[in-house]
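>>> quick check, what structure comes out for this input:
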Amino acid sequence: MLGPRTLVMGVLNVTPDSFSDGGHALDPERALDLALAMEAGGADLIDIGAESTRPGAAPLLGRDERRRLLPVMRKLHRLRIPLSIDTTKAEVARFGLDEGAVIVNDVSGLQYDPALGDIVAVRGAPLVLMHMRGRPSDMYAHAQYGDVAADVARDLTRAIERAVSRGVAWDRLILDPGIGFAKRAGDSAAVLAGLSALGSLGRPLLVGPSRKSFLTAAIGDVPAGDRDWATAAAVTAAVLGGSHIVRVHAVPHMVQVARVADMIRGHGAGTGEGGTRASG
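Sure thing, here's the model as predicted:
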């Protein structure tokens, strides 16, 4: 799946309360329309989730998560591009893979439900391990860092160890530094600025800065839906820093951003076509 250009992952939230687009995709027909539009707009894959991870979000039971996902995922069988299931629960990961997803995206990095790793290992699916401390309800209390990029790299190394201990193949792992998760605005900016340091971990990187609140430290109190210009700058930084995948809302616009950033990275002094990116 990974290659010389940055992949664009579209976000499809089957939630009533996500920070940017909660409620937009609860109706299965509407969700299908949104997904098909992202596919037509150049998305390489789509990430679907039914549990909000915005700050302060209440946890969702696995059965309720599956209930939200089922009618939508049945509609998404029409997609030609791969589907990722965004969940922290083993039972939902199994359900998502049964319903056609081919990737599991765990924002907890296997901290909440280590058995999710067992499911992924048996299925041989790629697993995204995101950097996270605490839970959405209290994550900012854990935003204590020295060197942010170094601390994130250390925590992600532990996440890799957790995954491998559950039988997940090292070469099936993708790492996400968790922009906005257990990070203040300055922390998220520092992670983006130091993203190339994560290349030493040897795994592909997924970065999701889209419309997140850290952007308001630079642009002021702009509503989430109006942060796409700011997102474009963050996506450019992510690509130039070595990201293999960017997770975004405004797919057609961010495809253009990624393609130009790819071109610039390919002409970087001493980096060659792949820049500082790890091979996937």
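
>>> the helices in the stretch 151-280 of the chain, which residues?
Along the stretch 151-280 of the chain, the stretches classed as helices by DSSP state H, counting those that start in this stretch are 185-193, 216-219, 228-241, 251-266.

>>> nearest to R74, out of those?
Nearest to R74 among these is helix 251-266 (22.2 Å), distances taken as CB to CB. Bear in mind the C-beta positions are built from the backbone N, C-alpha and C, glycine included.

>>> okay, strands next: where are they in the chain?
Remark: strands assigned in the chain by DSSP state E are 7-13, 45-49, 83-86, 103-106, 127-130, 173-176, 206-207, 245-248.

>>> deepest-packed of these, please.
strand 245-248 (a mean of 28; mean count of other CB atoms under 10 Å).

>>> on that earlier part again, would you mind finding the most buried of the helices of the stretch 151-280 of the chain?
Mean neighbour counts for the helices of the stretch 151-280 of the chain (mean count of other CB under 10 Å) peak at helix 228-241, with a mean of 22.

>>> mind putting the strands of the chain into CSV with mean pLDDT and distance to A37?
What follows is the strands of the chain, written out as CSV (pLDDT from 0 to 100; distance: least, CB to CB, whole Å):
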stretch, mean pLDDT, distance to A37
strand 7-13, 96, 9
strand 45-49, 97, 11
strand 83-86, 98, 15
strand 103-106, 98, 21
strand 127-130, 98, 23
strand 173-176, 98, 24
strand 206-207, 98, 22
strand 245-248, 98, 13
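
>>> ok so, going back, and the helices of the stretch 151-280 of the chain as TSV, adding distance to V107?
Putting the helices of the stretch 151-280 of the chain into TSV (distance: least, CB to CB, whole Å) gives the following:
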stretch	distance to V107
helix 185-193	15
helix 216-219	21
helix 228-241	17
helix 251-266	20
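
>>> determine which of those approaches M73 most closely.
M73 lies closest to helix 251-266 among the helices of the stretch 151-280 of the chain, at 19.1 Å (CB to CB).

>>> picking that back up, any chance of a markdown table for the strands of the chain, columns distance to R227?
Listed next are these as a markdown table, based on distance: least, CB to CB, whole Å:
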| stretch | distance to R227 |
| --- | --- |
| strand 7-13 | 13 |
| strand 45-49 | 18 |
| strand 83-86 | 20 |
| strand 103-106 | 21 |
| strand 127-130 | 20 |
| strand 173-176 | 19 |
| strand 206-207 | 15 |
| strand 245-248 | 11 |
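
>>> of the helices of the stretch 151-280 of the chain, which is nearest V102?
Closest to V102 of these, according to CB to CB: helix 251-266, at 18.8 Å.

>>> hey, C-alpha coordinates of that closest one in CSV?
C-alpha atoms of helix 251-266 as CSV (Å, rounded to 0.1, in the frame of the first residue of the first chain):
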residue,chain,number,x,y,z
VAL,A,251,-9.8,15.3,1.1
PRO,A,252,-9.7,16.9,-2.4
HIS,A,253,-7.9,20.0,-1.0
MET,A,254,-5.4,18.0,1.1
VAL,A,255,-4.7,15.7,-1.9
GLN,A,256,-3.4,18.7,-3.7
VAL,A,257,-1.4,19.9,-0.6
ALA,A,258,0.2,16.4,-0.2
ARG,A,259,1.1,16.2,-3.9
VAL,A,260,2.9,19.5,-3.8
ALA,A,261,4.6,18.7,-0.5
ASP,A,262,5.7,15.4,-2.0
MET,A,263,7.3,17.3,-5.0
ILE,A,264,9.1,19.6,-2.7
ARG,A,265,10.3,16.8,-0.4
GLY,A,266,11.5,14.9,-3.5
